[in-house]
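Asker: how does the following fold in three dimensions:
(2 chains)
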There are 2 protein chains.
Amino acid sequence: MSVDLSDSRKKIDAIDRNLLELLNERMRVSRDIVLKKRETGLPVFDAGREDALLAKLSEANPGPLSPDGIRRIWMSIMGESRIHQALAADSAKDKP
Amino acid sequence: MSVDLSDSRKKIDAIDRNLLELLNERMRVSRDIVLKKRETGLPVFDAGREDALLAKLSEANPGPLSPDGIRRIWMSIMGESRIHQALAADSAKDKP
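Answerer: Below you'll find the model as predicted:
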């Protein structure tokens, strides 16, 4: 018995391209927020805002992704934002 | 000096809602693939397919997300798929 996975794989590829676009946009917006916070001396990391964001997502979530799954994936996404912001701040130091 | 972050935060919230929808859809499609594979006795985990998928995403990526960032986020996403599939297979065992 053979099985045709090509349709499902095309769906995954299309979803992934959309995810990639949204994640890049999220990095940009998140960086804007950090820049604005730095300009005004606000603390950059806001655990309360992250918790509220995760709670709101879990509440809106129809599944099948679990609340723990949401937390793990978003921790990874927000971690990449922090890496991106740290690298951007570091390279800005070299500029006049 | 005060700073208005509400527009940027609304953008993040809108992006996150889209991400959540896509991630749930990805879980469903990915589960369909696993079910089809199980029906036909194909191995469920395919490291080659995951590598190819990551390579294609990195190639298509305009940034600012880095290739390492893509890898870390997708490892987290694909990890959640596997957890979801394992739990679903486990609960199916109890059914007649």
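
Asker: residues in contact with the spatially most central residue of chain A?
Answerer: The centroid of chain A falls nearest to A:I77 when counting by C-alpha atoms, centre = their mean (3.4 Å). Going by C-beta atoms under 8 Å, 6 or more residues apart in numbering or on different chains, A:I77 touches A:23, A:26, B:19, B:73. In this view, the C-beta of every residue, glycine as well, is placed from N, C-alpha and C.

Asker: including pLDDT, could those go into JSON lines?
Answerer: JSON lines is the format used below for those (pLDDT from 0 to 100):
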{"residue": "A:L23", "pLDDT": "98"}
{"residue": "A:R26", "pLDDT": "98"}
{"residue": "B:L19", "pLDDT": "98"}
{"residue": "B:I73", "pLDDT": "98"}
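
Asker: narrow the residues you listed to those in helices?
Answerer: Judged by DSSP state H, the contacts of A:I77 include A:23, A:26, B:19, B:73 as members of helices.

Asker: identify, from those residues, the entry nearest to A:P43.
Answerer: A:R26 (20.3 Å; C-beta to C-beta).

Asker: how many residues are close by the residue lying closest to A:I83 once chain neighbours are set aside?
Answerer: Leaving aside its chain neighbours, A:I83 sits nearest to B:G69 (6.8 Å; criterion: C-beta to C-beta, 6 or more residues apart in numbering or on different chains). Residues lying near B:G69 (other C-beta atoms under 10 Å in any protein chain shown) number 23.

Asker: equivalent analysis for A:A89, please.
Answerer: Per other C-beta under 10 Å, the neighbour tally for A:A89 reads 14.

Asker: roughly how far is the helix or strand hosting it from the heart of the chain?
Answerer: For A:A89, the element it lies in under DSSP states H and E is helix A:67-93. Taking C-alpha atoms, centre = their mean, to the nearest Å, one finds helix A:67-93 lying 7 Å from the centre of the chain it belongs to.
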